[in-house]
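Trainee: below: sequence and its predicted model.
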Amino acid sequence: MNNIVLDVKDLAASYQKNTVLDNVHFKVEQGTLTGIVGPNGAGKSTLIKSLLQLHPSLKGDVKFFGEGFQKAKKRIGYVPQRGSVDWDFPTDALDVVTMGLYGKIGWLKRPSRHHKKSAYEALAKMGMADYANRQISQLSGGQQQRVFLARALVQDADLYFMDEPLAGVDAATEKAIMATLKELKSKGKTVLVVHHDLQTVSKYYDHVLFLNKTVMEHGKTEDIFTPENISKTYGGNMIFIEEENMHVVDSSQ
């Protein structure tokens with residue numbers, strides 16, 4: 001069995017006195033690529049933010065590599081939702097990526113030529129080298145997402161959390177992002193991704209975590225990504241069209 005890199009026990013969290021997460025238990029093994037899926041309001045983003053101490057938790061015990069967050073945080077990378085970022089901040093793409101190195105550089109020190117080279121190489125990996133000196137506000141949504149993924153890559157973390165990195169991006173960017181995530185997995189990295197498109201879960205992830213305020217199911221995609229578990233998680237508002245690949249439609253919208 002692979003090493004456990006994330007162990008969550010009895011996690012709970014709320015927004016304005018409304019409980020959004022309760023009794024959350026799960027473990028994640030090293031070298032896995034996990035899709036976190038669930039309906040709107042299920043607590044997917046809150047889960048990631050609570051794990052990373054960006055949102056207060058009511059209770060629970062979370063261990064990263066057997067340690068608390070403060071000791072393990074240098075081994076963790078995070079890509080937030082694009083909508084939560086102030087894209088009007090006056091900085092260029094290369095500087096945004098270089099910020100991912102500040103945990104190693106130190107906030108009061110200037111990045112060296114070596115650091116800038118590493119940041120540029122991460123941009124190039126995401127097909128964004130030509131935009132290194134472009135103001136971040138002048139980039140398209142897909143380009144901004146590639147820059148943020150490059151910032152996470154340059155950290156060379158062991159565990160990555162990504163909050164809907166595919167939301168609102170074009171097909172080419174989606175393909176590039178998923179190729180990068182699968183490459184991370186092949187290198188033994190562990191990645192958890194909040195994902196909204198059920199039709200691509202089986203194609204993209206080897207593990208899936210069904211969430212609706214608590215963990216409904218969690219395990220290998222081939223074992224638990226079933227109509228029964230989807231209906232249980234989404235409240236039965238799903239229509240299934242049986243074809244060679246399972247297609248899922250949310251009938252509540």
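Mentor: Okay, I see it.

Trainee: ok, what's across the strand from the residue nearest the centre of the chain?
Mentor: When Cα atoms, centre = their mean is applied to the chain, the residue found nearest the centroid is Met162 (1.5 Å). Met162 has these beta-bridge partners by DSSP bridges: Val79, Val193.

Trainee: surely it touches Val191?
Mentor: Yes - shown here, Met162 and Val191 form a contact pair, counting by Cβ atoms under 8 Å, at 6.8 Å. (Each C-beta comes from the backbone N, C-alpha and C, glycine too.)

Trainee: now the lengthiest helix in the chain: how far from the chain's centre is it?
Mentor: Across the chain, the helix with the greatest residue count (assigned by DSSP state H) is helix 171-186. For helix 171-186, the separation from the chain centroid amounts to 12 Å (computed by Cα atoms, centre = their mean, to the nearest Å).

Trainee: next one: stretch 175-191
Mentor: Centre-to-centre, stretch 175-191 and its host chain are 11 Å apart (Cα atoms, centre = their mean).

Trainee: ok, residues contacting it?
Mentor: 5-6, 28-34, 125-127, 145-146, 149, 153, 157-160, 162, 165-166, 169, 193, 204, 206 (Cβ atoms under 8 Å, 6 or more residues apart in numbering).

Trainee: in the strand or helix carrying Glu222, what's buried?
Mentor: Glu222 belongs to helix 221-224 when assigned by DSSP states H and E. Neighbour counts over helix 221-224 (16 or more other Cβ atoms under 10 Å) mark Thr221, Ile224 as buried.

Trainee: show me what it is packed against.
Mentor: Under the contact criterion of 3 or more Cβ pairs under 8 Å, 6 or more residues apart in numbering; DSSP states H and E, helix 221-224 touches helix 201-204, strand 207-211.

Trainee: for Asn23, find the nearest of those.
Mentor: Set against Asn23 and scored by Cβ to Cβ, the helices and strands packed on helix 221-224 come closest in strand 207-211, at 11.8 Å.

Trainee: any idea how far that closest one is from the chain center?
Mentor: Chain-centre distance of strand 207-211: 13 Å, with Cα atoms, centre = their mean.
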